[in-house]
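Student: Here is my input; please provide its structure:
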Amino acid sequence: MGQQNVLGAYPFHWHMIGEVAQGVSYVTDSSVYRSFYRCFVVHGTNALLVKQNTGFHIDGHCFYLEDGVEERNWFEANFAGFVHVIGSPAGGVSQSGTLHIQSTDLIQPSDAAASGFYASNPNNVFINNAASGGFSGFTFPTLPRAVGVINWEAHDCVRGANVFGVALLKNAWINGRSNNYWALYPDRLYDLAPIAGFQWYDTRVQTVLTNVTFSNFVYQPQLLSMRQGVFYSMVPSDEFKPCHISTSRGVTLKNIDWNALIHNPVMQTGSSRYFNWLDWDGTVTQRFRPTVIASWPRWWQLDDDCYYKQEWNSWVCDWYPWRTVARLDIRIPGYTAQVDTQANIPPTQDNYVGYVAQFGRWNADARTMTITRNEGITGVTGTGGWYVHFNNGVTPYFRIFLTQIPVGTSIMFATRYPPGTQFSIRRNFVWYNQYNSQLTQASSLDQVMASTTGELFFFDGRRLYIKLTDPGDASVDPTFSADGASVPGARYFSLSYDVTATNLNNCPFVQVCQPTTTRGLSHTARMFRLQSAVVVAKQMTECVLIGLFRAAYPVGTVVANWLS
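Tutor: Down below sits the predicted model:
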């Protein structure tokens, strides 16, 4: 049945009927076996009932809404199995994907990613359907509004579905291992990716999970990075890095090995360092309060009440509205690499540019994280502060893009500069120029911290401080909320603080001129009620590399530390 790549040559085809009588026009209890092109196709037809049908051993999309104009069709309790892509399969593991062009051998390019169910119009109903095989079980192409997935089941799958964009997964059951004999393999199939209940994405999505049950996941330490996990991070990229893009609420765990709850492989990439999500009600971590789950660097130890779970390679901390996940993209033209520009600089040590650190933590208690030439730093708002240290010294110009700072929160940003530096700092809105402003230099750090406008900065002769705030405008993606949980929106390079520094005392980019005695951020640390340090170095040369937590001193330098 079916003629491959011949439009209209399908086993079942409702073609340009328009409105059909509800309850009268239907297809039920039918099956299609070994079709060379699709199984059940609805084209230009509305209000059809498709119920309790089976398609098996199918080339191309099986249950298929052809044009995207089809509405109010009802798909219930259907099964699509052993679905095959046509031609070379789509490259589903890369960030950019692959390009497939219409040809006589691939008349519909999306068949390179053939799925059990395909629909591009959200005004249709899918209830209690099941899929196996193909590129994915269900395909809903990118749409301007969220598409809900309700009453979902996936059993014995490496991935039950791919969910991108603004998406809600609701009332789902993800069963890692059933009693199906053919699924009782002892470890995993080595031609498949690791088994994951749900894999969080790494960039520019807004995903909410509510009322989802995960069952029957086991801990397999012998498989190392290939072991299964209920929640899986996406870690291979240093170009694409997550901000706050994921939230879960109302999660139920049944027969789950606790050590298998989260699988976050340690890699020296941004997507690994910045992995995070909000356990809205604490049902994942069983803490039953809002909780941030974040990756392995100590940068994510937000306070002394956090705990680190070794098997998860993750920190677990309390979440507060004022201490929520945020992201900055710091750009030094000609030096750092912007996301989505295909620069993708390898995250080797040669491309490490420095670190970001919490204020007031030093030596063994330092809360730091490596930053690379690929732009993007993710952390939290609130009282911790972000000290950004560039190993090579200072730059006469850089831009701080506020990719995600939720309205009503702030980040106290600091970086080093030599004494005598003069600054011109502007806050620039790409689409709302009437809000552009020139920052004013404050007379004290207290003034900057007390400000709510984000239009003050302070320089203490060693470090520049800016309180970064986002007043919000229509160029910020809207917050996605569903069932009492939400994911905030983000910007795409539409708001920045542009910093120009002059009178750098002839210090080259590779070093910073400092006085022979330097103090740490003791005043700032006290303001944040954190422990601070005063570092006094003797026998120092005129120009040294010095930051909040480490300094490059000449051989023979005597360094003394006191707690203030």
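Student: Show me where the protein dips below the pLDDT cut-off.
Tutor: Counting by pLDDT under 70, the chain contains low-confidence ranges at 91-97, 142-164, 180-193, 506-564.
Student: Go through stretch 6-23 and flag the buried ones.
Tutor: Ala9, Tyr10, Pro11, Phe12, His13, Trp14, Val20 (16 or more other C-beta atoms under 10 Å). C-beta: built from backbone N, CA, C; applies to glycine.
Student: scratch that, stretch 224-231 is what I was asking about
Tutor: Buried, per 16+ other C-beta under 10 Å, within stretch 224-231: Met226, Arg227, Gln228, Gly229, Val230, Phe231.
Student: Tell me the one among these nearest to Leu445.
Tutor: Among the buried residues of stretch 224-231, Phe231 lies closest to Leu445 (C-beta to C-beta), at 40.0 Å.
Student: A strand includes the closest one, no?
Tutor: Yes - Phe231: assigned to a strand according to DSSP: H, G, I helix; E, B strand; the rest coil.
Student: For it, which residues are in contact?
Tutor: Residues near Phe231 by C-beta atoms under 8 Å, 6 or more residues apart in numbering: Ala196, Gly197, Phe198, Gln199, Trp200, Leu261, Ile262, His263, Trp277, Val284.
Student: And for Glu239?
Tutor: Gln95, Gly270, Ala337, Val339, Ala343, Asn344, Ile345, Asn374.
Student: and of the buried residues of stretch 224-231, the nearest to Cys39?
Tutor: Of the buried residues of stretch 224-231, the one sitting nearest to Cys39 (C-beta to C-beta) turns out to be Gln228, at 31.3 Å.
Student: Can you tell me how far that closest one is from Thr368?
Tutor: Here Gln228 is placed at a distance of 32 Å from Thr368 (C-beta to C-beta, to the nearest Å).
Student: Phe40 too?
Tutor: Phe40 is 56 Å from Thr368, by C-beta to C-beta.
Student: is Thr415 in a bridge, and if so with what?
Tutor: For Thr415, the beta-bridge partners under DSSP bridges are Leu464.
Student: Check the gap between it and Leu261 for me.
Tutor: 37 Å.
Student: could you show me where the helices are in the protein, in order?
Tutor: 270-273, 445-450, 522-527 (DSSP state H).
Student: quick one on the thing from earlier: who has more neighbours, Phe40 and Thr368?
Tutor: Using other C-beta atoms under 10 Å as the criterion, Phe40 and Thr368 rank with Phe40 on top: 28 against 21.
Student: For the residue sitting nearest the centre point of the chain, which residues are in contact?
Tutor: Centroid-nearest residue in the chain, with C-alpha atoms, centre = their mean: Pro242, separated by 2.7 Å. Shown in contact with Pro242 (C-beta under 8 Å, 6+ apart): Trp200, Tyr201, Asp202, Thr203, Ser271, Tyr274, Phe275, Asn276, Thr378.
Student: Kindly recompute the last result at 6 Å.
Tutor: Asp202, Tyr274 (C-beta atoms under 6 Å, 6 or more residues apart in numbering).
Student: what about it, distance to Ser178?
Tutor: 31 Å.
Student: do the same with Asp477
Tutor: 38 Å.
Student: quick revisit: and of the contacts of Glu239, the nearest to Asn216?
Tutor: Gln95 (31.2 Å).
Student: Could you measure from Asp318 over to Gln22?
Tutor: 51 Å.
Student: now Trp74
Tutor: Look at Trp74 and Gln22: by C-beta to C-beta, they are 9 Å apart.
Student: Adjacent strands (with direction) for the lengthiest strand in the chain?
Tutor: If you go by DSSP state E, the chain has its longest strand at strand 206-217. Partners of strand 206-217 in the sheet, by DSSP bridges, are strand 166-175 (parallel), strand 246-249 (parallel), strand 252-256 (parallel).
Student: Off-centre distance for the longest one?
Tutor: By that I understand strand 166-175. The chain centroid and the centroid of strand 166-175 are separated by 18 Å under C-alpha atoms, centre = their mean, to the nearest Å.
Student: Please work out how many residues are found near Tyr201.
Tutor: Neighbour count of Tyr201, defined by other C-beta under 10 Å: 20.
Student: Nearest spatial neighbour of it, chain-adjacent residues omitted?
Tutor: Nearest residue to Tyr201, sequence neighbours excluded (C-beta to C-beta, 6 or more residues apart in numbering): Met234, at 5.9 Å.
Student: Report the separation between that neighbour and Lys241.
Tutor: Distance of Met234 to Lys241, computed by C-beta to C-beta: 10 Å.
Student: now do Asp304
Tutor: Counting by C-beta to C-beta, the gap from Asp304 to Lys241 is 27 Å.
Student: Have a look at the two and say which one is more surrounded.
Tutor: Neighbours were counted for Asp304 and for Lys241 using other C-beta under 10 Å; Lys241 has more, 25 against 7.
Student: contacting residues for that one?
Tutor: Listed by C-beta under 6 Å, 6+ apart, the contact set of Lys241 reads Gly270, Ser271, Tyr274, Gly376.
Student: State the pair within the residues you listed that is farthest apart.
Tutor: Ser271 and Gly376 (9.6 Å).
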